[in-house]
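>>> missing the sequence, but the structure's below:
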């Protein structure tokens, strides 16, 4: 009997029962015997030299166990940057600042006490003698003459200059253009705000020399490698990093941070476990932030709307230090995506990475790709306005035609497969575009301002081929591991090097494994997030878990099947080459009655009394999958808004998304990720933005009272659909789905607002978010004097 | 100076000497050991710490433990009865109303209050009443659907 296909089914999540009953196991829930509690003393200044640190009063505070400053951490190295561009300026980034603090929140001391309150009280008593220096937080001002210099190694605060594409070809395209459209586009800084604040528990066992670190990590093996090999110099095999239930990441929990590094060092000094949990204010100050680009872009067009060329000059704010993967984001995850889904004749992009006295910037959901999509999609709408063309028509005219196996872009990447027209047409149908334009005209006649905004996107995910990323500066390979252990009873444990912090791996990977093995899903368990159990893996980021991690599991399952065939052939006295496997049975091809069930083969593998010569006992396989290319999901989104010109308030009336993420394991889970991504992108368009005071360097939006996160009442029900263009890159045909919504939604919303206001003469917003104030001012500026 | 505080949480009495400044959420998490109630912010925005206190949904980070002396409290751990999930828990599972699970206990506790006050809320009413609970994963779509679904199933019982 054929088992029902699990792949492609919206199966309810297996991880949910623990979460809906309050039985999740997050880092801060952990309590160990002898636990101590840490608080960090942080800089309240954006740029200041440390003249001295007086800990005497704090040490005398009741309950204090130990206090350490940077000077105590002898032999400890700088936090490493894992992506080295040519001529990249890499400043020192000590886990505790010793000479100077370079941003508000920079930690200078750790206070460890018997209780959290004692630690916090004592931290207040640590007195730092600061020599406060001028600071710079503005992206546009960082590299200008006279700006305060942050790191000696980086003159003019420039970390790198990067370019991609063909400058001469692009110049030629602009020379022959009929129309050139230029815009300044600011992609503001965002704060990831995973709902669970970062946390760690570090426990050193003196008797064995073992260190265990529980940490809110998307990639526990990467955490362990960076911390042991580069910073602390302690043996990797004596450190176990566990990322238990993690409450969201969105990129911000990829990186190695100061706090877990200091706690891991300090537990070895005090020989007691230490727990540190960030409060939300610390999270705003210290979690790596996202985006923060200032870009001048221009598009060369012919009269008929053909996109001849694109020229982009971007300044990317990297913050005070280079976070783990920071240099990759505005270069290889941004500039290489500027081809979008359009057949540009030529592209040239220059990116300057600058240091400022702000929290470091690194990958935040989408990471570079939202910045590219936002820029392109705003420019396409601006081009349509300049040419007086319909924005949908202009897009369709310039789409790269359907291709099944490779499209060479102008910016290095080779797309895998794409079919952009049908995806966009599906969107137009769902929207009923013609009818919308009629409704819009009718509404305008009544004084109501409706607008529609489109966006398309291309995403590079399932990161990625190690050889390629190595040549581009990555200091790591970006493959993934998958181990399949078949127990003697035929039950299966799957170990994945990727990590779930909301993605539902315990369900989707069980669907994959059970389907491939033809056994019940209840017979499969998924294990992740523990370096003591799982083979080295690269973790979860860049929408890679299903495509890269899933393929590694598939490879191990295939090895299990091959070995099982040899065992079953022996039992049936058949030739291994004549064996097949389906529905949980090994059988002789053409003679399905001559079969051995999966469970029997498993038992025989562990009780090998009657076993084939030359075959090892046991049934367990490990695979490491290194993809040959990125995968390139794509899609088309549309947003319908109504803008109140008197208040500047934007109301989203409809949000539509058609995504093509290749094959899908669990549509319910993919839809959920699309929904969440859309909300984050809408957040950037309308509400979110990290604001620094450029004089004092203070983070103005340092709490959830000041930084506006999307709430339920500002968002609609999302209308989602999919087209399916499987990738040829991996055998599952899966492209990746974790970031699409975030990439597509910001430009769709902003384009919709501009469309709504176009009749009043508003044609662009240089900056987001489109708060009522910003929209109202734009309306006033456009209409005053009319 | 410490003060003795006694409260009933999920039918069990807890009595501890606490500092007057101790937040109720810390009493619940650290002293009662009920870690399903989460702390997601420090300004009463996120709602991850929402519990039911004497019949009202409250943010347990916004009350002192001493203010809850003598109170009857239900946390997420006390919502399922006799091993059977509460219909709202069922609904969040059925409608995929959670991803990372961190905001979920607070969401469910708020949803319970929403449906207690208004057993048949409109989508707009649900969205409005979720004002005090933040979720970064779901975009709220499936949370709203879950609460609608729970309202339907609870009406049938």
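Yep, it's here. Everything quoted here is computed from the prediction, not taken from an experiment.
>>> quick one: secondary structure of whatever residue of chain B ends up closest to chain A?
Minimum separation of chain B from chain A (C-beta to the nearest C-beta) falls at residue B:36, amounting to 1.9 Å. Where C-beta positions appear, they are placed from N, C-alpha and C, glycine not excepted. When classified by DSSP: H, G, I helix; E, B strand; the rest coil, residue B:36 comes out as coil.
>>> tell me the contacts of residue 138?
Chain wasn't specified; assuming chain A. A:356, A:692, A:694 (C-beta atoms under 8 Å, 6 or more residues apart in numbering or on different chains).
>>> you looked at the wrong chain, it should be chain B
Contacts of residue B:138 by C-beta under 8 Å, 6+ apart are A:672, A:675, A:676, A:679, B:96, B:97, B:98, B:99.
>>> try it again with 10 Å
If you count contacts by C-beta atoms under 10 Å, 6 or more residues apart in numbering or on different chains, residue B:138 has them with A:502, A:672-673, A:675-676, A:679, A:712, B:92, B:95-100, B:103-104, B:107, B:144-146.
>>> same deal with residue A:389?
A:301, A:304, A:305, A:383, A:395, A:397.
>>> from what I see, the residue of chain B closest to chain A and residue B:89 are in contact.
No. Judged on C-beta atoms under 10 Å, residue B:36 makes no contact with residue B:89 at a distance of 11.4 Å.
>>> mind listing the shared neighbours of those two?
Joint contacts of residue B:36 and residue B:89 (C-beta under 10 Å, 6+ apart) are A:19, A:20, A:21, A:22, B:76, B:79, B:104, B:105, B:108.
>>> about what we covered before: in PyMOL, select just the buried ones from the contacts of residue A:389.
Buried members of the contacts of residue A:389, defined by 16 or more other C-beta atoms under 10 Å in any protein chain shown, are picked up in PyMOL with:
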select buried, chain A and resi 301+305+383+395
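>>> out of the contacts of residue A:389, which sit inside strands?
Those of these mapping onto strands are residue A:301, per DSSP state E.
>>> looking at the contacts of residue A:389, which is nearest chain B?
Nearest to chain B among the contacts of residue A:389, with distances taken as C-beta to the nearest C-beta, is residue A:395, at 24.8 Å.
>>> pLDDT at that closest one, what is it?
Note on residue A:395: pLDDT of 98.
>>> how near is it to residue A:307?
10 Å (C-beta to C-beta, to the nearest Å).
>>> go on, residue A:339?
Taking C-beta to C-beta, one finds residue A:339 at 10 Å from residue A:307.
>>> residues of the stretch 101-250 of chain A that sit close to chain B?
A:115-117, A:192-197, A:245-250 (C-beta under 10 Å from any C-beta of the partner chain).
>>> and these, which are buried?
A:116-117, A:192-197, A:245-250.
>>> and of the residues you listed, the nearest to chain B?
residue A:247 (2.9 Å).
>>> related to what we said a few turns ago, top of the contacts of residue A:138 by number of neighbours, please.
For those, the largest number of neighbours (other C-beta atoms under 10 Å in any protein chain shown) sits with residue A:356, at 32 neighbours.
>>> for chain B, what's its nearest residue on chain A.
For chain A, C-beta to the nearest C-beta, closest residue to chain B: residue A:22, 1.9 Å.
>>> neighbours of residue 71, how many?
Here I'm looking at chain A. Neighbours of residue A:71 (other C-beta under 10 Å): 11.
>>> could you do chain B instead?
19.
>>> which residues does it contact?
B:5-9, B:24, B:51-54, B:58, B:63, B:65.
>>> and for residue A:271?
So residue A:271 contacts A:34, A:203, A:204, A:205, A:206, A:207 (C-beta under 10 Å, 6+ apart).
>>> just flag the most distant two among the contacts of residue A:389.
A:304 and A:395 (14.2 Å; C-beta to C-beta).
>>> domains of chain B?
Split into domains by automatic domain parsing, chain B comes to B:3-78, B:87-156.
>>> and for chain A?
According to automatic domain parsing, the ranges for chain A are A:2-22+A:479-625, A:31-133+A:196-247+A:253-286, A:290-463+A:629-784.
>>> can you tell me which helices and strands the helix or strand containing residue A:182 packs against?
Secondary structure from DSSP states H and E places residue A:182 in strand A:179-190. Helices and strands touching strand A:179-190, by 3 or more C-beta pairs under 10 Å, 6 or more residues apart in numbering or on different chains; DSSP states H and E, are strand A:290-301, strand A:307-319, helix A:369-387, helix A:667-686, helix A:740-757.
>>> note down every partner strand of it and its orientation.
Paired neighbours of strand A:179-190 in the sheet (DSSP bridges): strand A:290-301 (antiparallel).
>>> in the partner strand, what's buried?
Quick answer for strand A:290-301 (16+ other C-beta under 10 Å): A:290, A:291, A:292, A:293, A:294, A:295, A:297, A:298, A:299, A:300, A:301.
>>> tell me the mean pLDDT for it?
The model assigns strand A:290-301 a mean pLDDT of 98.
>>> that strand to helix A:667-686, inter-axis angle?
Calculated by axes from the mean of the first three to the mean of the last three C-alpha atoms, to 10 degrees, strand A:290-301 forms an angle of 80 degrees with helix A:667-686.
>>> quick one: strand A:290-301 to strand A:307-319, angle?
Using the same axes, to 10 degrees: strand A:290-301 against strand A:307-319 is 160 degrees.
>>> now strand A:290-301, how far from the chain's geometric center?
21 Å (C-alpha atoms, centre = their mean, to the nearest Å).
>>> if we ignore the residues flanking it in sequence, what's nearest residue A:592?
residue A:585 (7.6 Å; C-beta to C-beta, 6 or more residues apart in numbering or on different chains).
>>> three-state assignment of residue A:596?
Under three-state DSSP, residue A:596 comes out as strand.
>>> list the contacts of it.
With C-beta under 10 Å, 6+ apart, residue A:596 has these contacts: A:564-565, A:567-572, A:574, A:579, A:581, A:585-588, A:604.
>>> for residue A:526, same thing?
Contacts of residue A:526 (C-beta under 10 Å, 6+ apart): A:14-15, A:492-496, A:500, A:504-513, A:553.
>>> also residue A:631?
Counted by C-beta under 10 Å, 6+ apart, residue A:631 has contacts A:415-417, A:459-464, A:543-544, A:546-548, A:661-662, A:726-730, A:733-736.
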